[in-house]
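[1] Here's a sequence, model it:
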Amino acid sequence: MSAVCPLKTRDIVERILLFIEQFSGVHFYTYQSSFARRIIESVLENDGETITGLWSRQSGKTEAVANTCAGLICIIPALAKAFPEDPRLMLYARTFSIGIFAPIEEQADLPFIRIRHLFLSDRCLEILSELDTRVIVNRTDRVHLSNGASVTASSASPDTKIEGGTHNLIILEEAQQILRSKFEKDIKPMAAATNGTFVKIGTAWLSRGGFHNSIQENIEVQKAGGKRSHFEFPYDIVLAEKKRAFEKDKNPFHNGYAKFVNKELNKYGPDSEEFKMNFRLLWHESRVIAINKTLFCAAARDELEAGPSLSGLQVAGLDIGKVHDSTILTIMRVDMDNPIVNKFTLPGADEDKQVYYQKAIIDWCELGGPFEGNTGQYQMLVERLGQFNIKVLCIDATSIGDPVYERITELLGDSIVCIPFHFSSKTKSELYKYYLQELNARRLFYAAGPRTRETGYFKNFQNEHFDLDRFERSGYTVCAAPEGGHDDYPDSAALACWAAKIVNDVLMPDIIVTKSDNFKKQTSTRSNSSEQEITVSRGSRYASKGRYA
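    Okay, here's the model as predicted:
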């Protein structure tokens with residue numbers, strides 16, 4: 001027998017799919033088999049792709065994934081043994097590992113229970129015997145076969161510590177509810193050594209986080225001529241497929257889904273958010289991603305390393321951690337030497353609003369969990385602030401933050417002007433509108449040198465921004481983490497940006513701006529290159545120590 005399988009990859013895929021259906025005793029619908037084919041193909045080609053699937057509720061995604069996983073851990077090692085020199089299979093000669101993750105343990109258990117039951121059936125045990133394979137572990141979170149292959153199930157909730165492991169295939173069930181930060185930090189590294197395949201499956205949701213981003217990326221790749229890695233199966237496609245199956249074999253089982261969908265239609269209506277998300281696969285229209293990932297990544301400064309610095313005028317923002325949150329200090333440098341003048345504001349506009357300054361986040365400090373008000377945390381904070389040239393510190397003074405603000409003000413004395421910021425729907429809306437304005441106008445940057453990128457605080461800073469949602473509530477724009485997530489780094493950065501605004505609006509004296517080609521202006525083809533002096537008045541306002549109105 002040849003040591004290399006003579007079949008083309010697509011032919012191997014078809015034979016594996018037939019094996020999976022025989023092993024599980026379930027004949028896939030067309031939409032299920034198209035999804036399973038792409039998973040099998042990715043495993044054989046070891047392309048390291050992320051495959052995404054939006055499935056209507058109760059359309060058979062768990063069944064398809066469970067049967068595919070169970071079949072793969074049986075047949076892939078057997079093929080690798082039969083064709084030891086085939087480059088598509090030799091990676092799996094000793095082991096083939098699948099990890100299944102879901103937002104909560106019960107959701108991860110759903111496909112896993114199906115897998116466990118399969119390996120207890122007489123049909124499967126007989127097929128395993130023919131493959132000279134037996135089940136050596138079959139417990140609530142793991143199935144391990146004698147051929148070296150295994151499937152494990154784990155929770156991917158925000159507070160769950162995921163044990164380190166290495167997988168060739170990773171399944172994310174209900175991926176719309178798994179935080180991007182959890183995936184990037186804890187799950188994704190598990191397939192780094194194997195260049196493993198990721199499969200994200202779920203349905204539309206309130207928040208457009210990492211799952212939605214992966215879908216969009218796959219759609220763009222396919223539009224550019226790349227391989228299809230995204231699949232969508234709304235309820236009408238599922239109904240049509242099941243109707244065809246019933247007309248073919250007259251099995252009344254196929255009609256159950258239509259009855260289920262009709263009950264949901266009567267309960268919610270076709271235009272309800274529940275039906276649109278669960279069955280039509282339409283994402284919630286009022287809740288979108290707050291941060292444009294491309295724009296945010298463009299704000300990274302690869303030449304700038306985070307760390308203590310005394311150069312330039314600096315401000316800071318302190319977000320006080322409550323319960324499960326972290327206390328974050330963000331340091332920001334404001335370039336007051338190069339004002340950016342916007343000539344084209346509306347007549348009569350506030351002159352102060354015509355002058356802007358570039359800002360750069362130059363460091364972060366995480367005080368380890370919620371602020372408990374102990375001496376060590378205060379000492380660490382004061383020492384950290386002393387390593388910078390900070391003029392204004394904007395502090396979250398909401399709830400437990402108020403006494404913290406008062407204590408920090410006492411400790412710092414007159415060295416730093418402390419400004420309290422009380423979070424409410426109105427004030428947080430104003431805070432984030434200004435923060436996003438500066439980011440979108442490309443006046444806000446952050447340190448992203450090689451050493452900085454390897455740090456945990458940098459990764460948390462980026463991931464929390466990528467997860468941030470924006471939606472409307474009671475007439476105000478709200479930016480917040482999705483349920484179970486964290487927005488401590490964005491809140492802290494927004495507070496630092498607000499401190500920079502205060503410096504701009506209140507604390508700086510009148511300045512003379514010479515309009516020439518020697519300084520930065522807002523981009524416009526209508527700029528007048530002739531020199532002209534403009535006095536930008538700051539007025540007589542000044543923030544009294546500790547208060548800003």
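
[2] Next, the buried residues of the helix or strand harbouring residue 31.
    In this assignment (DSSP states H and E), residue 31 forms part of helix 30-45. By neighbour count on 16 or more other C-beta atoms under 10 Å, the buried set for helix 30-45 is 31-33, 35-44. Placement of C-beta: from N, CA and C, glycine included.

[3] Report the mean per-residue pLDDT for it.
    Per-residue confidence for helix 30-45 averages out to 97 on the pLDDT scale.

[4] Then stretch 216-226?
    Averaged across stretch 216-226, pLDDT comes to 92.

[5] now do stretch 120-134
    The average pLDDT for stretch 120-134 rounds to 92.

[6] Distance across that stretch, terminal residue to terminal residue?
    Taking C-alpha to C-alpha, to the nearest Å, stretch 120-134 runs 11 Å from one end to the other.

[7] Residue 70 versus residue 116, what's the distance?
    9 Å (C-beta to C-beta, to the nearest Å).

[8] Residue 135 too?
    11 Å.

[9] Between those two, tell me which one has more neighbours.
    Between residue 135 and residue 70, counted using other C-beta atoms under 10 Å, the more crowded position is residue 70 (25 against 15).

[10] if I read this right, residue 153 contacts residue 162, doesn't it?
    No - the pair formed by residue 153 and residue 162 falls short of the contact definition of C-beta atoms under 8 Å, at 11.5 Å.

[11] residues shared between the contacts of those two?
    When C-beta atoms under 8 Å, 6 or more residues apart in numbering defines a contact, the residues bordering residue 153 and residue 162 alike are residue 101.

[12] if we can go back for a sec, could you name every residue contacting both of residue 135 and residue 70?
    Here residue 135 and residue 70 share the contacting residues residue 119, scored by C-beta under 8 Å, 6+ apart.

[13] burial count for residue 20?
    23.

[14] helix/strand/coil for it?
    When classified by DSSP: H, G, I helix; E, B strand; the rest coil, residue 20 comes out as helix.

[15] What distance do you get for it to residue 182?
    Noted for residue 20: a distance of 29 Å to residue 182, by C-beta to C-beta.

[16] And residue 30, by the same measure?
    The gap separating residue 30 from residue 182 is 33 Å, by C-beta to C-beta.

[17] repeat for residue 410
    Residue 410 sits 39 Å away from residue 182, going by C-beta to C-beta.

[18] the more surrounded of the two?
    Looking at residue 410 and residue 182 with other C-beta under 10 Å, you find the greater number of neighbours at residue 182, namely 24 against 11.

[19] The longest strand along the chain pairs with which strands, parallel or anti?
    The strand spanning the most residues in the chain, taking DSSP state E as the definition, is strand 309-319. Each strand that pairs with strand 309-319, with its direction, by DSSP bridges: strand 328-334 (antiparallel), strand 388-396 (parallel).

[20] Identify all contacting residues around it.
    Strand 309-319 is touched from outside by 325, 327-336, 362-363, 381, 385, 388-396, 408, 488-489, 491-500, 502-503, with contacts defined as C-beta under 8 Å, 6+ apart.

[21] ok, which stretches of the stretch 1-150 of the chain are strands?
    50-55, 96-102, 135-139, 142-145, 149-155 (DSSP state E, counting those that start in this stretch).

[22] now the second one: how far from the chain's centre is it?
    Think strand 96-102. Averaging C-alpha positions (C-alpha atoms, centre = their mean, to the nearest Å) puts strand 96-102 20 Å from its chain's average.

[23] and if you look at stretch 415-430?
    Using C-alpha atoms, centre = their mean, the mean C-alpha position of stretch 415-430 is found 27 Å from that of the whole chain.

[24] That stretch: which residues count as buried?
    Within stretch 415-430, the residues scored as buried using 16+ other C-beta under 10 Å are 416-421, 423, 428-429.

[25] quick one: contacts for residue 275?
    Neighbour list for residue 275: 264-265, 268-269 [criterion: C-beta under 8 Å, 6+ apart].

[26] can you tell me how far it sits from residue 423?
    The value you get for residue 275 to residue 423, if C-beta to C-beta is used, is 35 Å.

[27] for residue 405, same thing?
    Taking C-beta to C-beta, one finds residue 405 at 12 Å from residue 423.

[28] mind putting the buried residues of stretch 415-430 in TSV, distance to residue 467 and secondary structure included?
    Conversion of these to TSV gives the following (distance: C-beta to C-beta, whole Å; DSSP: H, G, I helix; E, B strand; the rest coil):
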residue	distance to residue 467	secondary structure
416	31	coil
417	32	strand
418	29	strand
419	27	strand
420	27	strand
421	22	strand
423	19	coil
428	17	helix
429	19	helix
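
[29] Please, which helix or strand holds the nearest residue to residue 418 once chain neighbours are set aside?
    Distances taken as C-beta to C-beta, 6 or more residues apart in numbering put residue 409 closest to residue 418, at 4.6 Å, once the chain neighbours are dropped. Counting by DSSP H and E, the element that carries residue 409 is helix 401-412.

[30] what is the orientation angle of that helix with strand 309-319?
    On the basis of axes from the mean of the first three to the mean of the last three C-alpha atoms, to 10 degrees, helix 401-412 is oriented at 150 degrees to strand 309-319.

[31] Which strands and helices lie in contact with helix 401-412?
    When contacts are defined as 3 or more C-beta pairs under 8 Å, 6 or more residues apart in numbering; DSSP states H and E, helix 401-412 packs onto helix 375-385, strand 388-396, strand 417-421.

[32] How about the longest helix anywhere in the chain, which residues are buried there?
    Determined from DSSP state H, the single longest helix within the chain is helix 61-82. The neighbour-count criterion (16+ other C-beta under 10 Å) identifies 61-81 as the buried residues of helix 61-82.

[33] Could you break this protein into its assigned domains?
    9-233, 234-283, 293-510 (automatic domain parsing).

[34] and residue 448, which of the helices and strands packed on helix 401-412 is closest to it?
    When the helices and strands packed on helix 401-412 are ranked by distance to residue 448, counting by C-beta to C-beta, first place goes to strand 388-396 at 18.6 Å.

[35] Give me the angle between that closest one and helix 375-385.
    Between strand 388-396 and helix 375-385, the angle formed by their directions is 130 degrees, by the same axes, to 10 degrees.

[36] Following element in sequence after the helix or strand in which residue 430 is found, please.
    Residue 430 belongs to helix 425-440 when assigned by DSSP H and E. Next along the chain after helix 425-440, taking DSSP H and E as the criterion, comes strand 444-447.

[37] Tell me which residues are up against that following strand.
    Counting contacts by C-beta under 8 Å, 6+ apart, the residues outside strand 444-447 that touch it are 299-301, 304-306, 358-363, 435, 438, 458, 461, 493, 497.

[38] Restricted to helices, list those.
    Applying DSSP H to the contacts of strand 444-447, the entries found in helices are 435, 438, 458, 461, 493, 497.

[39] okay, those in a markdown table with pLDDT and neighbour count next?
    Output for the ones in helices among the contacts of strand 444-447, formatted as a markdown table (pLDDT from 0 to 100; neighbours: other C-beta atoms under 10 Å):
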| residue | pLDDT | neighbour count |
| --- | --- | --- |
| 435 | 93 | 25 |
| 438 | 91 | 21 |
| 458 | 95 | 20 |
| 461 | 95 | 26 |
| 493 | 97 | 25 |
| 497 | 95 | 27 |
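
[40] among these, which two are most distant?
    So, the ones in helices among the contacts of strand 444-447 by C-beta to C-beta: farthest apart are 438 and 458, at 19.7 Å.

[41] so who does the closest residue in space to residue 211 that isn't next to it in sequence touch?
    Residue nearest to residue 211 in three dimensions, not counting chain neighbours: residue 175, with 4.2 Å by C-beta to C-beta, 6+ apart. Each residue near residue 175 by C-beta under 8 Å, 6+ apart is listed here: 52, 200-202, 210-211, 214.

[42] Kind regards, and thank you for your time.
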